[in-house]
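K.L.:
just a sequence and a predicted model for now, questions to come.
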Amino acid sequence: MEKKLILRGVLAGAVAGLLAFLFARVFAEPQISKAIDYESGRDAAQAALDKAAGLPVEAADPDLFSRTIQADVGIGVGMIVFGMAMGALFAVAYAVCLGRVGGLRARSLALLVAAGGFLGMYLVPFMKYPANPPAIGHEDTIRARSGLYLVMVVCSVAFLVGAAWLCRRLQARFGNWNATLLAAGAFVVAIGVVMLVLPSLGHLGSNKQAFGNHATETPLPLTDDDGRIVYPGFPADVLFSFRFYSVAAQLLLWSAIGLVFAPLAERLLRPRPDTAPARGTAPVPA
């Protein structure tokens, strides 16, 4: 049974990944192109400043793949594979919750687990470390950023599971509504403490040394030795649009996983009864 559920989860994840890719290709990809154009222009301005100051200028590394390949094949394959992985994890969580969360129907449980996946795997970590387009992020902080984001994801999922367990424990004493509120409050407090303890990306050592002490890694205006702005900071509209479409793509991904998986799971868990008349049974007279 578990293997069949996981296979259906992988299938639902592949469909969801394809839908998320189509959405991202239409709405998010233009923002990525704008970010890359900004990065190229800023690098050219920085190279001009370095050349004027007599500093050595490094040639830009050539791209291994064209933007067309990256935007179509790269993102498409990545989103589908990511969706399949999330679908498998979703199916495992669904199998664990099955029969342990009361009398929820198969479809209702699928949507509930999908909502938990979107909340724990993406939305809560996003609130501390939001998605960034190209041109944002110091290359020396990649490992630190990856580690901090992983900590946020692990804590978010662990606290979400703990909140669900706490809600079940408190139901007999406080009732469903009050137990849900208490568990949600405990989750908010716990994850809030983690967010306060973890550093902002702009406070990492490499960023403070290169750009000063800022809350984020978003590039500030590039200035010359006299303090005049020679290249603007990263466009706020591009940053907002990219993050908005990133959240929308993930919401679409997890919603599609839940909606596609729900009927597949219900058929597996509650197969349709045979509507043919039983052998040896006389037909009902008209």
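P.N.:
Arrived safely.

K.L.:
and the contacts of the helix or strand containing Ile75?
P.N.:
For Ile75, the host element (DSSP states H and E) is helix 75-97. Here helix 75-97 makes contact (Cβ atoms under 8 Å, 6 or more residues apart in numbering) with 1-2, 5-18, 20-21, 24-25, 29, 109-110, 112-114, 116-117, 121, 253-254, 257-258, 261, 265. Every C-beta, even on glycine, is put in place using the N, C-alpha and C of the backbone.

K.L.:
just the buried members of those residues?
P.N.:
5-6, 8-18, 20-21, 24-25, 29, 109-110, 112-114, 116-117, 121, 253-254, 257-258, 261, 265 (16 or more other Cβ atoms under 10 Å).

K.L.:
can you flag which of the residues you listed belong to helices?
P.N.:
5-6, 8-18, 20-21, 24-25, 29, 109-110, 112-114, 116-117, 253-254, 257-258, 261, 265 (DSSP state H).

K.L.:
next, the residue lying closest to Lys51 once chain neighbours are set aside: secondary structure please.
P.N.:
Nearest in space to Lys51, with sequence neighbours left out and distances taken as Cβ to Cβ, 6 or more residues apart in numbering, is Val57 at 5.4 Å. Following DSSP: H, G, I helix; E, B strand; the rest coil, the label given to Val57 is coil.

K.L.:
Val57 against Ala47, yeah?
P.N.:
Yes: Val57 is within contact range of Ala47, at 4.8 Å (criterion: Cβ atoms under 8 Å).

K.L.:
got a list of what the closest residue to Ile80 other than its chain neighbours touches?
P.N.:
Distances taken as Cβ to Cβ, 6+ apart put Gly17 closest to Ile80, at 3.9 Å, once the chain neighbours are dropped. Applying Cβ under 8 Å, 6+ apart to Gly17 gives the contacts 79-84, 86, 253.

K.L.:
check those and tell me the two furthest apart.
P.N.:
Using Cβ to Cβ, the contacts of Gly17 reach their maximum pairwise distance at Val81 and Leu253, which is 12.3 Å.

K.L.:
residues contacting the residue most central in space within the chain?
P.N.:
Taking Cα atoms, centre = their mean, the centroid of the chain lies closest to Tyr122, which sits 3.8 Å from it. By Cβ under 8 Å, 6+ apart, the residues touching Tyr122 are 247, 250, 254.

K.L.:
quick check, nearest of these to Trp165?
P.N.:
Using Cβ to Cβ, the contacts of Tyr122 come closest to Trp165 at Trp254, 21.7 Å.

K.L.:
distance-wise, check the residue nearest to that closest one when sequence neighbours are not counted relative to Pro235.
P.N.:
The shortest distance from Trp254 to any non-neighbouring residue, by Cβ to Cβ, 6+ apart, is to Phe118 (3.8 Å). To Pro235, Phe118 is 28 Å away according to Cβ to Cβ, to the nearest Å.

K.L.:
compare the two (neighbour count), which wins?
P.N.:
More crowded of Phe118 and Pro235, by other Cβ atoms under 10 Å: Phe118, with 21 against 15.

K.L.:
so how far is Ala248 from the more buried one?
P.N.:
Distance of Phe118 to Ala248, computed by Cβ to Cβ: 11 Å.

K.L.:
list the contacts for the residue lying closest to Ser255 once chain neighbours are set aside?
P.N.:
Using Cβ to Cβ, 6+ apart and skipping residues adjacent in sequence, the residue nearest Ser255 is Ala114, 6.6 Å away. By Cβ under 8 Å, 6+ apart, the contact list for Ala114 reads 90, 254-255, 257-259, 261.

K.L.:
try 6 Å this time
P.N.:
Contact analysis of Ala114 by Cβ atoms under 6 Å, 6 or more residues apart in numbering lists 254, 257-258.

K.L.:
disregarding residues adjacent in the polypeptide, which is nearest to Tyr149?
P.N.:
Nearest one to Tyr149, counting by Cβ to Cβ, 6+ apart, is Tyr129 at 5.0 Å.

K.L.:
just give me the neighbour total for the one you found.
P.N.:
Neighbourhood size, Tyr129 [other Cβ under 10 Å]: 19.

K.L.:
begin at 295 from here
P.N.:
Done: numbering now begins at 295, and the last item shifts to Tyr423.

K.L.:
and Gly372, how far is that from Ile485?
P.N.:
28 Å.

K.L.:
neighbour count winner among those two?
P.N.:
More crowded of Gly372 and Ile485, by other Cβ under 10 Å: Ile485, with 22 against 14.
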